[in-house]
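S.K.: Give the three-dimensional model of this entry:
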Amino acid sequence: MQSPNMTLAILLTNLFIVFLGIGLVIPVTPEIMDELHISGAVVGYMVAFFAFTQLIVSPIAGSWVDQFGRKRMILVGLVIFALSEFIFGIGQKVEMLFLSRMLGGVSAAFIMPAVTAFIADITTLEQRPKALGYMSAAISTGFIIGPGFGGFLGEINPRLPFFFAAALAFITAIIAIAVLHEPDRKLEKEQIIEPKTGIKRIFVPMYLISFIIIFISTFGLACFESLFSLFVDHKFGFLPKDIAIVITGGGILGAVFQVGLFDRLTKWLGEIRLILYCLILSAVLVFFITIVNTYWTILLVTVTVFVGFDLIRPAVTTYLSKIAGNEQGFVSGMNSMFTSIGNVIGPMIGGILFDIDLNYPFYFSTILLAVGIAVTFAWKGREYRTT
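M.R.: Numbering: from 1, shown residues only. The predicted structure is shown next:
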């Protein structure tokens, strides 16, 4: 029988490779835009299509994770991801690129709930925060390494990163068939919520408040992150290397906290209090970005704000996994769906506000995070604490 640690390592490797593949293509996207004469607005629509497709498919995929099994959904998701990257690599028309992004959204909707549910199945309540912290770190690390490696491949050919990502995902799927084994379903009976059917399950109070927090934090981060490059370029004249330093620094620091401190913080504070403190930290720092005016203060504030955002998601995911009982797939699918809603709406509203005043997206994010703080204060669910 495969040990939980080995299974976790395989799952984290799968996630890392997927997000490495997503990051690989970031540096060459502008060249593909120029080659096909695509406007920035069309690229924005493609990003939205990815998130919108993930939003539509996630609830169904979450149920399928419970119905058909974790391993099967991961494998299908990896194959679809490989296909989406290959299509983008050969695409010579905008329609092909949109098809690619939609398939990418489907793959994300399949993989994320399956991996989250898989981790819940192979860990105890005490082990889960650390494992989910590792999961978030694997995602962050893929995003950190991907763009740098993609830039190197793009120097050879701007479409090479897409083919490389496709090959990597397909090889990972083949390896997973051989080495990944479907887990035994784990059921924490004392945490099962009174069952409701269909869409009504979303409105179970402990579920709903968690989903609202996921939406608010994702919305705030998407609104902040999607406009950050334009903001520092217009306001401070940041060069691409300056922006890369800030984003990479934030990613590295976030990964360090997820791996080294997340488990300790959840044991010390509990998930709900950790979420509250991270929301407060994020709200204050997002507002500070509009008033700081030196390079080093901008760097310090921005790198730190990523830590707050990077800890909220695994904290909510850990909490949900503890109360989900035998609905791990459903809850993970809803988690993915509300994340997608934030990723779709955040950049759209942020872009509209940015055209009015470049500070407005950050004011709006601050207000939204303040709402999240109020919701968290009112959270009446049981706070889990490991000892």
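S.K.: which helices and strands sit right next to the longest helix belonging to the chain?
M.R.: Looking across the chain with DSSP state H, the single longest helix is helix 205-236. Other elements packing on helix 205-236 under the criterion 3 or more C-beta pairs under 8 Å, 6 or more residues apart in numbering; DSSP states H and E are helix 240-260, helix 271-288, helix 295-323, helix 328-356, helix 360-377. The way it works is simple: take the backbone N, C-alpha and C, and place the C-beta from them, glycine included.
S.K.: Can you list the buried residues in the third one?
M.R.: For helix 295-323, burial by neighbour count (16 or more other C-beta atoms under 10 Å) applies to 298-323.
S.K.: ok, now which ones touch Glu35?
M.R.: Residues in contact with Glu35 (C-beta atoms under 8 Å, 6 or more residues apart in numbering) are Pro158.
S.K.: Let's verify it: helix, strand, or coil?
M.R.: Here Glu35 is recorded as helix under DSSP: H, G, I helix; E, B strand; the rest coil.
S.K.: if we can go back for a sec, among the helices and strands packed on helix 205-236, which is nearest Phe52?
M.R.: helix 328-356 (5.4 Å; C-beta to C-beta).
S.K.: Tell me which other helices or strands the closest one touches.
M.R.: helix 40-68, helix 94-122, helix 205-236, helix 295-323, helix 360-377.
S.K.: for the last one, the distance to its chain's centre please.
M.R.: Using C-alpha atoms, centre = their mean, to the nearest Å, the mean C-alpha position of helix 360-377 is found 19 Å from that of the whole chain.
S.K.: same thing with the longest one?
M.R.: Taking the mean C-alpha point of helix 205-236 and that of its whole chain, the gap between them comes to 11 Å (C-alpha atoms, centre = their mean).
S.K.: Pull out the buried residues from it.
M.R.: Buried, per 16+ other C-beta under 10 Å, within helix 205-236: 206-207, 209-232.
S.K.: now the helices and strands packed on helix 328-356 in TSV, with distance to Ile177 and mean pLDDT?
M.R.: Formatted as TSV, these follow (distance: least, C-beta to C-beta, whole Å; pLDDT from 0 to 100):
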stretch	distance to Ile177	mean pLDDT
helix 40-68	15	78
helix 94-122	14	87
helix 205-236	32	77
helix 295-323	26	81
helix 360-377	41	88
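S.K.: Adding distance to Ala9, write those helices out as JSON lines.
M.R.: Shown next, in JSON lines, are these (distance: least, C-beta to C-beta, whole Å):
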{"stretch": "helix 40-68", "distance to Ala9": "21"}
{"stretch": "helix 94-122", "distance to Ala9": "11"}
{"stretch": "helix 205-236", "distance to Ala9": "26"}
{"stretch": "helix 295-323", "distance to Ala9": "18"}
{"stretch": "helix 360-377", "distance to Ala9": "33"}
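S.K.: So which of those is nearest Pro158?
M.R.: helix 94-122 (13.4 Å).
S.K.: The closest one relative to helix 295-323, how many degrees between them?
M.R.: Angle of helix 94-122 versus helix 295-323, following axes from the mean of the first three to the mean of the last three C-alpha atoms, to 10 degrees, is 60 degrees.
S.K.: could you check the angle helix 328-356 makes with helix 94-122?
M.R.: 130 degrees.
S.K.: buried ones in helix 94-122?
M.R.: For helix 94-122, burial by neighbour count (16+ other C-beta under 10 Å) applies to 97-122.
S.K.: okay but Arg159 is in contact with Gly89, surely?
M.R.: Yes. In this structure Arg159 lies within contact range of Gly89 using C-beta atoms under 8 Å: 4.8 Å.
S.K.: Spit out the contact partners of Ala169.
M.R.: 17-18, 21, 78-79, 81-82, 85.
S.K.: which one of those is nearest Leu265?
M.R.: Nearest to Leu265 out of the contacts of Ala169 is Val18 (C-beta to C-beta; 26.3 Å).
S.K.: My read is that that closest one contacts Phe81, right?
M.R.: Yes. Between Val18 and Phe81 there is a contact under C-beta under 8 Å: 6.0 Å.
S.K.: which residues are common contacts for the two?
M.R.: By C-beta under 8 Å, 6+ apart, the residues touching both Val18 and Phe81 are 107, 111, 169.
S.K.: Let's have these in TSV, adding distance to Ser3.
M.R.: Below are those laid out as TSV (distance: C-beta to C-beta, whole Å):
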residue	distance to Ser3
Ser107	28
Ile111	22
Ala169	25
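S.K.: Which of the residues you listed sits closest to Pro183?
M.R.: Among the shared contacts of Val18 and Phe81, Ile111 lies closest to Pro183 (C-beta to C-beta), at 15.6 Å.
S.K.: Let me know which of the helices and strands packed on helix 205-236 is the nearest to Ala138.
M.R.: From the helices and strands packed on helix 205-236, taking C-beta to C-beta, the stretch that ends up closest is helix 240-260, at 8.7 Å.
S.K.: Give me the distance from that closest one to the chain's centre.
M.R.: 15 Å.
S.K.: Counting neighbours, what do you get for Lys93?
M.R.: 9 (other C-beta atoms under 10 Å).
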